[in-house]
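A.B. asks: can't give you the sequence, but here's the structure:
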């Protein structure tokens, strides 16, 4: 069980000790859960660390059992290191990247035909650094090292239909699909695209393509034709995979009508393969180059897989940005960098062990699908769900959790907020006995959501809000099984990622808000953008602001105890009167108002005829049947003013029937801002509710 952190009155003197997050210390004495003692005088830090209560802290037994503890001890022995505290461990991981990432390679048991002696070449360049330049490996071979009867995937849909596929069955199916792909002429470097739900066949197809060295990309089947063409039209896939349809919120949606049009407009596609999902025998006659999945693989018997051995930076995935302000960018990720980052994430940050049962609610349009699928690297059983998370009165995911004994439960901050507003109490209605971690991403997890999780879901678990994304195939702020959880704070900077927060003059900040930057290369930096000769667009996206420094575009704070607070995207940061305000600071207060279901804040240029400043405008979606009146508006303003600053208080509060968001649940602040200012928003297929955008154009409430 978690142990409460001890309380010591501020200012009280203690013996000559320093209390720091620990991982491998020889002294077993504890003063606070999650912390060990090492000899080193630093009285004020001791008092500060212990006088503030953590919401959760790991027991000594959990720290001893954690993968990261074993990893740290091996690294200390291997490299003859002298540290014994977590901050020193993190510093080593970023200051000695060659040692750290070689240790990840070894601890993760990377399967490769060749490793080579060189770990990092031109490590002072970003972009331009090269990791393991002599290595030859295959990502799928590392994913399929297990071949027994253990569950590889367990699939549920929103009706409760379920099926499972073992590691042995998975290997056999991948071998047949890979043979069928080779028969279609697929070779390393060709692109493959999938228009698929989150189902086991999607993972099978991805693994088969990757085993050959083909480049995988996918998007969810709720996209319209133009949205799919905006993505796959740039990458020119040779093979296109689709399900015949999908189920969401009790309704069956056909996919094949759109696929006919998509295939006709993708001249690069040689074959369309249709996976039965809504029908046992879908009609593919309207697509001349289409075959049903079972017919397509029928000629091939299961056997050994011929894994192409390819360079470390060989393209693995093409991931797409949301594309709400233009065509989606095509981010190319390399196989080796994704492999090492994923091994670090699963084994060290998420503490996933063989036979764990890992779940993340996602669609195939989000980087979290890639992350979920990659749990095979940790030899875990991966839990797949397709459909609405709000079925069975929003209890279906917790039903799934109990039935299949999830050890890690991944979701979005929006889902946690939504079930809190619905009044769900999963801790009372479900056992959740196996769950030891909840992971949240997609947007900053507000402090009140921490309260809700520990009050209504489960007290004894590690609640890890993480932040990173599509750009880096990983995290900058990460989960950590051996560190405490503080309300509203992300636990730590991710190992191996030299993360800092800078001001406008490139000065590192602690305890102040600024830009999140990464000042040293890391293996999962993109190989580049697709169709970007010379790398100009890639450079401009991340390196234009500061030379040789990755600028991520997040507005953050690094606290004195090493946790992170994310205030929102820098490009959506509000700037009234020249004062920078993160939108998450406003949302955190607005979401405390019971009547408010959702909100979006923007900066409106003001006055409109001769703009010299911006004013904060807040749009609110209220609970059904409610109307924004003067009393409620006043209460919203007072809530914001009392808990932030007068600058945060919106100049205008406007009720709207809905808030536009992406299919991944992210509020699209920039698209709303563009509409308010009369600008075009042309690429809306990434939105779950694109029709809502029109509500924000020419609003009379914003003319005064």
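C.D. replies: The structure has been received and is ready for your questions. Nothing here was measured: the structure is a model prediction, and the numbers come from that model. Residues are numbered from 1 along each chain as shown.
A.B. asks: show me where pLDDT drops low in the stretch 601-704 of the chain?
C.D. replies: 609-612 (pLDDT under 70).
A.B. asks: which residues in it form strands?
C.D. replies: 613-622, 652-655 (DSSP state E, counting those that start in this stretch).
A.B. asks: tell me which of those sits nearest to residue 443.
C.D. replies: Closest to residue 443 of these, according to CB to CB: strand 613-622, at 15.5 Å. In this view, the C-beta of every residue, glycine as well, is placed from N, C-alpha and C.
A.B. asks: and the contacts of that closest one?
C.D. replies: 574-577, 581, 586, 590, 595-606, 628, 636, 647-659, 672, 676, 696, 702 (CB atoms under 8 Å, 6 or more residues apart in numbering).
A.B. asks: buried residues in that strand?
C.D. replies: 614-622 (16 or more other CB atoms under 10 Å).
A.B. asks: same deal with stretch 135-155?
C.D. replies: 135-144, 146, 151-155.
A.B. asks: that one spans what distance, first to last residue?
C.D. replies: Here the two ends of stretch 135-155 are set 35 Å apart, with distance taken as CA to CA, to the nearest Å.
A.B. asks: that stretch: how far from the chain's middle?
C.D. replies: 22 Å (CA atoms, centre = their mean, to the nearest Å).
A.B. asks: just stretch 191-202 next, same as before
C.D. replies: So, by CA atoms, centre = their mean, the centroid of stretch 191-202 is 19 Å from its chain's centroid.
A.B. asks: end-to-end on it?
C.D. replies: 15 Å.
A.B. asks: contact partners for the residue nearest to residue 376 when sequence neighbours are not counted?
C.D. replies: Once flanking residues are discounted, residue 376 sits nearest to residue 143: 4.4 Å by CB to CB, 6 or more residues apart in numbering. Going by CB under 8 Å, 6+ apart, residue 143 touches 207, 210, 374, 376-377.
A.B. asks: please indicate which of those residues are buried?
C.D. replies: By 16+ other CB under 10 Å, those give 207, 210, 374, 376-377 as buried.
A.B. asks: dump the residues you listed to CSV, plus secondary structure, pLDDT and distance to residue 273.
C.D. replies: Converted to CSV, the buried ones among the contacts of residue 143 look like this (DSSP: H, G, I helix; E, B strand; the rest coil; pLDDT from 0 to 100; distance: CB to CB, whole Å):
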residue, secondary structure, pLDDT, distance to residue 273
207, helix, 98, 15
210, helix, 98, 16
374, helix, 97, 23
376, helix, 98, 22
377, helix, 98, 26
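A.B. asks: need the contact list for residue 627.
C.D. replies: Contacts of residue 627 by CB under 8 Å, 6+ apart are residue 655.
A.B. asks: renumber starting at 28 from here on
C.D. replies: Sure, I'll start counting at 28 from here, so that last one is residue 654.
A.B. asks: phi and psi next, for it.
C.D. replies: With angles defined as degrees, to the nearest 10, residue 654 sits at phi -130, psi 140.
A.B. asks: ok, now residue 380?
C.D. replies: According to degrees, to the nearest 10, residue 380 has phi -120, psi 160.
A.B. asks: doesn't residue 402 make contact with it?
C.D. replies: No: applying CB atoms under 8 Å, one finds residue 380 not in contact with residue 402, separated by 11.2 Å.
A.B. asks: please identify which of the two sits among more neighbours.
C.D. replies: Shown here are residue 380 and residue 402; by other CB atoms under 10 Å, residue 402 has more neighbours (27 against 15).
A.B. asks: starting at the chain centroid, how far to the helix or strand hosting residue 437?
C.D. replies: For residue 437, the element it lies in under DSSP states H and E is strand 435-439. When distances are taken as CA atoms, centre = their mean, strand 435-439 is centred 10 Å away from the chain's centroid.
A.B. asks: walk me through which strands the helix or strand encompassing residue 280 pairs with, and which way each runs.
C.D. replies: For residue 280, the host element (DSSP H and E) is strand 278-281. The pairing partners recorded for strand 278-281 under DSSP bridges are strand 272-275 (antiparallel).
A.B. asks: which residues sit against the partner strand?
C.D. replies: So strand 272-275 is contacted by 184-186, 224, 248-249, 279-283, 304-306, 309, 413-415 (CB under 8 Å, 6+ apart).
A.B. asks: quick one: mean pLDDT over it.
C.D. replies: The predicted model assigns strand 272-275 a mean pLDDT of 95.
A.B. asks: quick one: residues contacting residue 349.
C.D. replies: 355, 689, 691, 693, 695, 713.
A.B. asks: tell me which of the residues you listed is nearest to residue 517?
C.D. replies: residue 693 (17.1 Å).
A.B. asks: wait, what's in contact with that closest one?
C.D. replies: So residue 693 contacts 349, 441, 469-470 (CB under 8 Å, 6+ apart).
A.B. asks: how about the residues you listed in TSV, adding distance to residue 287, pLDDT and secondary structure?
C.D. replies: Output for the contacts of residue 693, formatted as TSV (distance: CB to CB, whole Å; pLDDT from 0 to 100; DSSP: H, G, I helix; E, B strand; the rest coil):
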residue	distance to residue 287	pLDDT	secondary structure
349	26	72	coil
441	34	87	helix
469	33	85	coil
470	36	82	coil
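A.B. asks: ranges for the strands of the stretch 78-227 of the chain?
C.D. replies: Under DSSP E, counting those that start in this stretch, the stretch 78-227 of the chain gives strands at 139-141, 147-148, 157-158, 163-164, 178-184, 189-193, 218-222.
A.B. asks: between strand 189-193 and the top helix by length along the chain, find me the angle.
C.D. replies: Using DSSP state H, we find that the single longest helix of the chain is helix 194-210. Angle of helix 194-210 versus strand 189-193, following axes from the mean of the first three to the mean of the last three CA atoms, to 10 degrees, is 80 degrees.
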